[in-house]
Each structure stands twice: as structure tokens, then as C-alpha cells.
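Chemist: Dropping a prediction and its sequence here:
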Amino acid sequence: GNSVTQMEGPVTLSEEAFLTINCTYTATGYPSLFWYVQYPGEGLQLLLKATKADDKGSNKGFEATYRKETTSFHLEKGSVQVSDSAVYFCALTQFPGNTGKLIFGQGTTLQVKP
Amino acid sequence: EAGVTQFPSHSVIEKGQTVTLRCDPISGHDNLYWYRRVMGKEIKFLLHFVKESKQDESGMPNNRFLAERTGGTYSTLKVQPAELEDSGVYFCASSQVGVLIPFFGQGTRLTVV
């Protein structure tokens, strides 16, 4: 079945450091890929998405590229801020047969220190 | 426009008791989903409503869980009787038909002691 694997956390970085959170997936067909973020005390928010191979999703300085050859969708940011401290979830929806049902990874906690 | 709202934000109950979680989707959103995150693990799909009909309930863990969406508006998720392993954060999400990227609520943290 379809699944998502994320690098384990927590990840602790100093402000302005480079961030990579690895995400790989197993899926049949052509899934869409997502990164969601949960800031402390808040709900899940869509951070970025990519719907086909080689697409790059970007938002708030974060980027991720849909790599079908390596079945990966790694999240990157060039310079993190304290306000980026949150839990990040990689997810996919299946295609064909997309009903909006998301399959998530286990989440990676990021803590950015000043 | 109001987002997806969940009640309560936090609930602590004893093993064997009953708890009902509520989700108010964004107005006009026919798709409604329930998810659960247990013990820092992955967020797992529980079920999917389209209006008042259960489209997919393949993720419901057992018959102690009952989800309803009468009238196709808000939804409730009842756990009866609650067990320790039911502790976790329950998320609700909604979307319009044909727009399959859902908006999530802030979640309900359930603690069973």
C-alpha cells in the first residue's frame, strides 16, 4: 500500500542554519505530494504541494521538489528562523482514485534556537 | 470566513467512559475527514464523509468508534468505552467537492487515564 517515511526528529538548529527534512514515499500511480506544518497550539496548515514529477512546491522560503526517480520530496529552507519551530508532516494523496484522503508520515519536530 | 472548528480542544477522561468529539467544517464543504495522531506517530486517516454519507471508513480502528454527520453539516466522533490506547490528537478536515486539498482544524487532544 501507499506510505510515507520521514526522517526522525527532533531536529534542532540554530537560527539562519540550512534545513533539510527528508521524505520518501511508496505509492502506485501518480500521487500528489504535500508538506503540512503544525505550529504550537495551532492546527495543521498546508505548507506546499507538488502534483507531478519534477514540480517544485514553494512557500515562506521552504521548497520541495517531486522526485519520481528517487520517490522523494525533501523539504528545504536556506535560513531558518525561530518562528519556523513546528512539527512538519509529509503526505500524499493517491492518483488515480483521489478522494482527498491523505497518507502522512510520522512528522518531524523542528526546534530553532536563537 | 470561519475555519474548521473542533470541540473540545482538550479532553481528559477515565478508561471506560464515553467521549464525543465535534467538528464544524467550513460552510459549504461537503467533504469531511477525521484523522488521528497517536503518541507522536503518523497522522492516520479514520474516515471520510461526503455530506451525510460515509464514503470511506476503512481507518476506523474498531467498533468502539462511531462517527456521524447528520444533515451533512457538523460531525461527531464518539468513543465508547474509551481505552488508554485511544489517547491522541484527533483532527478534522473539510473540503469542497472537487477541491481535494482539505483545511484542517486545530485538533482535539484526548487523554484517557
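Modeler: Received it, and whenever you're ready, just let me know what you need.

Chemist: Please make it C-alpha for all contacts and neighbour counts, starting now.
Modeler: Noted.

Chemist: ok, now how distant is the closest residue to A:Q38 other than its chain neighbours from A:V82?
Modeler: Setting aside the residues directly before and after it, A:Q38 is nearest to A:L44 in space (C-alpha to C-alpha, 6 or more residues apart in numbering or on different chains), at 4.7 Å. Distance, A:L44 to A:V82, by C-alpha to C-alpha, to the nearest Å: 18 Å.

Chemist: Am I right that A:E76 is in contact with A:I21?
Modeler: Yes - counting by C-alpha atoms under 8 Å, A:E76 does reach A:I21; the two are 6.6 Å apart.

Chemist: neighbour count winner among the two?
Modeler: A side-by-side neighbour count of A:E76 and A:I21, using other C-alpha atoms under 10 Å in any protein chain shown, places A:I21 first with 22 against 18.

Chemist: For that one, give me its contacts.
Modeler: Neighbour list for A:I21: A:6-7, A:74-76, A:108 [criterion: C-alpha atoms under 8 Å, 6 or more residues apart in numbering or on different chains].

Chemist: Would you mind putting these into TSV with distance to chain B, secondary structure and pLDDT alongside?
Modeler: What follows is the contacts of A:I21, written out as TSV (distance: C-alpha to the nearest C-alpha, whole Å; DSSP: H, G, I helix; E, B strand; the rest coil; pLDDT from 0 to 100):
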residue	distance to chain B	secondary structure	pLDDT
A:Q6	10	strand	94
A:M7	12	coil	84
A:H74	17	coil	98
A:L75	17	strand	98
A:E76	20	strand	98
A:T108	9	strand	96
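
Chemist: Separate out the buried members of the residues you listed.
Modeler: By neighbour count, with 16 or more other C-alpha atoms under 10 Å in any protein chain shown, the contacts of A:I21 hold A:6-7, A:74-76, A:108 as buried.

Chemist: So B:G40, which state does it fall into?
Modeler: Following DSSP: H, G, I helix; E, B strand; the rest coil, B:G40 is assigned to coil.
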